[in-house]
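[1] Give me coordinates for this.
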Amino acid sequence: MATELNSAIAPFEKEGVRGFLHTPIERGEGGMVLTHGASADSSSPLLVTVANAFSSAGFTVLRCDLPFRQRRPRGPPSPANAAGDRAGLKSAVVALRGLVRGDVFLAGHSYGGRQASMLAAEEPELSAGLLLLSYPLHPPGKPERLRTEHFRGLRTRAVFVHGTADPFGSIAELKQAIALIPAPTQLITIEGARHDLGGRRFDPSALVGAMSAGEVLR
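    Residues are numbered from 1 along each chain as shown. Predicted coordinates for the structure are as follows:
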């Protein structure tokens, strides 16, 4: 087991769920399932950074590989298997619930966030809130192909984090889409960031503070 920042980090594998568990030294009651985008896995730098920030704030964080990534180390997910990826996320939430006493939140980057939001629309009681990093509103250059069919049925509180230079959707487009959601929402913009949210402008500790101040995840 390795220790980094204020957390102990260990590999996690149980009943089809695979990834890494961040257990904070000063442990709170809440938990977060955090997953990756279509071209990444649970070891992506963005997920590690976000997991460290939230575990330092007292969350027990499970960053996990979606089922499609467990089947093969590279390559994009298949639309035909998206329901299986959502089932894998549900299993991760159930596994984490066995480790924490408080609320469990669902979080994901890009494809992972989209599947998390679709799962929340299908099962509103599953998670207490959503953290959606770089939601892939539409394919680059194809604004007509919106991925918002489930937004009107989303009853789960959600925080969106989006870069102003993200080709998967502009801030204006995302604001228009978020307005469809009949639940409390918050949009945090990262100036100059692209889809990977890379660069010095992305401060996950500030993100934790902003989310707590907005009481979206309480």
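[2] Is residue 205 in a helix, a strand, or coil?
    Three-state call for residue 205 (DSSP: H, G, I helix; E, B strand; the rest coil): helix.
[3] Please report how far it lies from residue 6.
    From residue 205 across to residue 6, the span is 11 Å (C-beta to C-beta, to the nearest Å). Glycine gets a C-beta too; all of them are placed from N, C-alpha and C.
[4] Just the pLDDT at residue 171, thanks.
    We have a pLDDT of 98 for residue 171.
[5] just checking, it touches residue 189?
    Yes - because the distance of 5.7 Å satisfies C-beta atoms under 8 Å, residue 171 is recorded as touching residue 189.
[6] what is in contact with these two at once?
    162, 164 (C-beta atoms under 8 Å, 6 or more residues apart in numbering).
[7] gap between residue 127 and residue 14?
    19 Å.
[8] Would you mind pulling the contact partners of stretch 138-150?
    By C-beta under 8 Å, 6+ apart, stretch 138-150 touches 114, 117-118, 121-122, 136-137, 167-169, 173, 177, 180.
[9] Out of these, which comes closest to residue 90?
    Proximity of the contacts of stretch 138-150 to residue 90 was ranked by C-beta to C-beta; the top entry is residue 122 with 9.1 Å.
[10] who are the neighbours in contact with residue 161?
    Residues counted as contacts of residue 161 (C-beta under 8 Å, 6+ apart) are 131, 132, 133, 134, 188, 190, 197, 207.
[11] which helix of the chain spans the most residues?
    helix 82-97 (DSSP state H).
[12] which is the next helix or strand following that one?
    strand 104-109 (DSSP states H and E).
[13] Mind giving me the packing neighbours of that next one?
    If contacts are counted by 3 or more C-beta pairs under 8 Å, 6 or more residues apart in numbering; DSSP states H and E, strand 104-109 sits against strand 31-35, helix 45-56, helix 82-97, helix 111-122, strand 130-133.
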